[in-house]
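Peer 1: output the structure for:
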Amino acid sequence: MSDRSNDRNIIKVVAASMAGTTVEWYDFFLYGVAAAVVFPAVFFPSDDPAVGTLLALGTFAIGFIARPVGGLVFGHYGDRIGRKTLLVVSLVMMGAATFAIGLLPGYATIGIAAPLLLTLLRLVQGFALGGEWGGAVLIVSEHGDPARRGFWASWPQAGVPVGQLLANGLLFVLAAVQDEATFQSWGWRIPFLLSAVLVLIGLYIRLSVEESPVFKAAQEEAARAAAAGEKQAMPIVEVFRRYPREVFTAMGARFAENVSYYIFTIVVTTYATQRLELTSSFVLGAVLIGAAVHLVTIPVWGALSDRYGRRPLYLLGAAGVGIWGFAFIALIDTRSFGAFVLAIVGGLLFHGAMYGPQAAFLSELFGTKVRYSGVSVGYQLASIAAGGIAPIVAVWLYTTFDSGYAVAVYVALSAVLTIVAVGTYGETSRRDLAADPAVKGTSA
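Peer 2: The predicted structure follows:
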């Protein structure tokens, strides 16, 4: 196949993968923003606004608890029957749950059933997203040119800021054109219902993609082994038996990236509206600008990782967010819109240095037969202890210590964990994804 044909093929794969991740992250972030600015009043009414917010953010965290379960299930079947099929299933599940949230009556209408149903739908969202990420980045990593794997695999990652731009953008417009009472009453439902349209577009693009050649070759090898009477262990069993170091490396790599992202984009909304008494539109506008810069820079970081390696850039990003957390609080405490934008943009620039190379880095840790399970488990297990509880921990910290700098310390400690995990592992950018022997943590 010619280079031009290869480029056309990988662009098609990237577009399909990114379309799906955009929709799924749009759905996921929509919930996160709504949990901060809408759900406390609609589903968790309380005399104390902070209590309502903590309850709403608790359901946000529940979605993260479901993600490792989704990662296990989708990873198992993704390693057995293919990446593409599971990606379609995850997209439909996420879209259906988000659409249902848009139709869900509030506490004033159906009482305790409202928050219970909201929690159930959040679990479905988390389960679906747990299977989405691994398949999306793998199908690109396994299709792409190894010399540019970091660049191509970073594009599904860019679906995150695109999804956030769509979610925050719609909420920003609605909050700006509607009064607070209208927005709280029914305006917030519009972006959730529009999810159905985005899912149809994502499905149309995603169904056109072929399975990765690396996975097809692994399937053929597995079929020959089965015909010869060899027993095949479950992928998840193989992951923990052969790649325990890689699982913990993946989890550690996720920590600073995950915690800092939710501080810079979700917690900042709660902090600004409740502690600083700023409007939702003020904060959402700043986050929108940050997401736009994030979108542009993620592929740049991915490309740089092809040239300089995954580890140096990842360490730069981890150290950067650990230090920037303190500047972040100082800037947003000024209540200046310009300072707010600078705080978020700076934080997301350092975050991108981790997030851009991350897809290729985690893909390179595992062999093809267990890669979907390996990256999903490592990625999603960290989500519970990192991003899942980050909003709750952050709100508790700044309310308990009456200072945003307590949150900055939290981000810094997360950065130390990631620096240790990544810094003690070898460079992976030159690894062959078709090779399946157990990887040694010190290899180059």
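Peer 1: show me where the stretch 301-444 of the chain dips below the pLDDT cut-off.
Peer 2: Applying pLDDT under 70 to the stretch 301-444 of the chain flags residues 435-444.
Peer 1: what mean pLDDT does the helix or strand harbouring Ile10 have?
Peer 2: Here Ile10, judged by DSSP states H and E, is contained in helix 3-37. In this model, helix 3-37 has a mean pLDDT of 74.
Peer 1: what is it packed up against?
Peer 2: Counting contacts by 3 or more C-beta pairs under 8 Å, 6 or more residues apart in numbering; DSSP states H and E, helix 3-37 is packed against helix 49-81, helix 83-103, helix 113-141, helix 149-177, helix 189-193, helix 195-206, helix 268-270, helix 390-400. Bear in mind the C-beta positions are built from the backbone N, C-alpha and C, glycine included.
Peer 1: switch the cut-off to 6 Å
Peer 2: Here helix 3-37 touches helix 49-81, helix 83-103, helix 113-141, helix 149-177, helix 195-206, going by 3 or more C-beta pairs under 6 Å, 6 or more residues apart in numbering; DSSP states H and E.
Peer 1: which one of the ones you listed lies nearest to Arg307?
Peer 2: Between Arg307 and the helices and strands packed on helix 3-37, the tightest spacing by C-beta to C-beta is seen for helix 149-177, at 8.5 Å.
Peer 1: nearest residue to Thr162 other than its sequence neighbours?
Peer 2: To be clear, residue 162 is Val; Thr isn't right here. Once flanking residues are discounted, Val162 sits nearest to Thr22: 4.5 Å by C-beta to C-beta, 6 or more residues apart in numbering.
Peer 1: neighbours of that neighbour, just the number please.
Peer 2: 23 (other C-beta atoms under 10 Å).
Peer 1: which residues are in contact with it?
Peer 2: Counting by C-beta atoms under 6 Å, 6 or more residues apart in numbering, Thr22 makes contact with Gly159, Val162, Gly163.
Peer 1: what's the distance between Ala128 and Gly95?
Peer 2: Counting by C-beta to C-beta, to the nearest Å, the gap from Ala128 to Gly95 is 9 Å.
Peer 1: higher neighbour count, the two?
Peer 2: Neighbour count, other C-beta under 10 Å: between Ala128 and Gly95, Ala128 has more, with 27 against 24.
Peer 1: tell me the pLDDT at the more buried one?
Peer 2: Ala128 is given a pLDDT of 87.
Peer 1: can you give me the distance of it to Gly78?
Peer 2: As for Ala128, its distance to Gly78 is 13 Å (criterion: C-beta to C-beta).
Peer 1: not counting sequence-adjacent ones, nearest residue to Gly285?
Peer 2: For Gly285, ignoring the flanking residues on the chain, the nearest one in space by C-beta to C-beta, 6+ apart is Phe172 at 5.9 Å.
Peer 1: cool, Tyr405 as well?
Peer 2: Ile329 (5.4 Å).
Peer 1: what's near enough to touch that neighbour?
Peer 2: Ile329 is in contact with Gly404, Tyr405, Ala408, counting by C-beta under 6 Å, 6+ apart.
Peer 1: tell me which element it falls in.
Peer 2: Going by DSSP H and E, Ile329 is in helix 310-332.
Peer 1: please apply the same query to Thr334.
Peer 2: In the assignment (DSSP H and E), Thr334 maps to no helix and no strand.
Peer 1: would you check how far apart it and Leu342 are?
Peer 2: Thr334 sits 10 Å away from Leu342, going by C-beta to C-beta.
Peer 1: looking at those two, which is more packed in?
Peer 2: When Thr334 and Leu342 are compared on other C-beta under 10 Å, the one with more neighbours turns out to be Leu342, at 19 against 13.
Peer 1: near the closest residue to that one other than its chain neighbours, how many other residues are there?
Peer 2: Closest residue in space to Leu342, ignoring its immediate chain neighbours: Leu331 at 5.7 Å, by C-beta to C-beta, 6+ apart. Per other C-beta under 10 Å, the neighbour tally for Leu331 reads 20.
Peer 1: for Leu331, which residues are in contact?
Peer 2: Per C-beta under 6 Å, 6+ apart, neighbours of Leu331: Ala339, Leu342, Ala343.
Peer 1: one more time with 7 Å
Peer 2: Neighbouring residues of Leu331 by C-beta atoms under 7 Å, 6 or more residues apart in numbering: Ala339, Phe340, Leu342, Ala343.
Peer 1: in three-state terms, label the first one for me.
Peer 2: Read it as Ala339. Three-state assignment for Ala339 (DSSP: H, G, I helix; E, B strand; the rest coil): helix.
Peer 1: out of the contacts of Thr22, which one sits closest to Val375?
Peer 2: Within the contacts of Thr22, proximity to Val375 (C-beta to C-beta) peaks at Gly159, which comes in at 16.0 Å.
Peer 1: quick check: the closest one vs Ile298, distance?
Peer 2: Taken as C-beta to C-beta, the span from Gly159 to Ile298 is 9 Å.
Peer 1: for Thr269, same thing?
Peer 2: 21 Å.
Peer 1: neighbour count: these two, which is higher?
Peer 2: More crowded of Thr269 and Ile298, by other C-beta under 10 Å: Ile298, with 28 against 24.
Peer 1: the more buried one: which element?
Peer 2: Per DSSP H and E: Ile298 is located in helix 280-308.
Peer 1: give the buried residues for that helix.
Peer 2: Residues of helix 280-308 classed as buried by neighbour count (16 or more other C-beta atoms under 10 Å): 280-295, 297-299, 301-306.
Peer 1: just the angle for it relative to helix 310-332, thanks.
Peer 2: 160 degrees (axes from the mean of the first three to the mean of the last three C-alpha atoms, to 10 degrees).
Peer 1: can you give the distance from helix 280-308 to the centre of its chain?
Peer 2: When C-alpha coordinates are averaged (C-alpha atoms, centre = their mean, to the nearest Å), helix 280-308 and its chain have centres 14 Å apart.
Peer 1: what is that helix packed up against?
Peer 2: Here helix 280-308 touches helix 149-177, helix 268-270, helix 310-332, helix 337-363, going by 3 or more C-beta pairs under 7 Å, 6 or more residues apart in numbering; DSSP states H and E.
Peer 1: turn those into CSV, columns for distance to Val69.
Peer 2: Formatted as CSV, the helices and strands packed on helix 280-308 follow (distance: least, C-beta to C-beta, whole Å):
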stretch, distance to Val69
helix 149-177, 21
helix 268-270, 27
helix 310-332, 27
helix 337-363, 19
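Peer 1: wait, isn't Ala175 in contact with Ser280?
Peer 2: Yes: counting by C-beta atoms under 7 Å, Ala175 touches Ser280, with 5.0 Å between them.
Peer 1: the helices and strands packed on helix 3-37: which one's closest to Gly367?
Peer 2: Nearest to Gly367, of these and by C-beta to C-beta, is helix 49-81 at 10.0 Å.
Peer 1: hmm, back to that, which one of the contacts of Ile329 is nearest to Glu257?
Peer 2: Nearest member of the contacts of Ile329 to Glu257, counting by C-beta to C-beta, is Ala408, at 16.4 Å.
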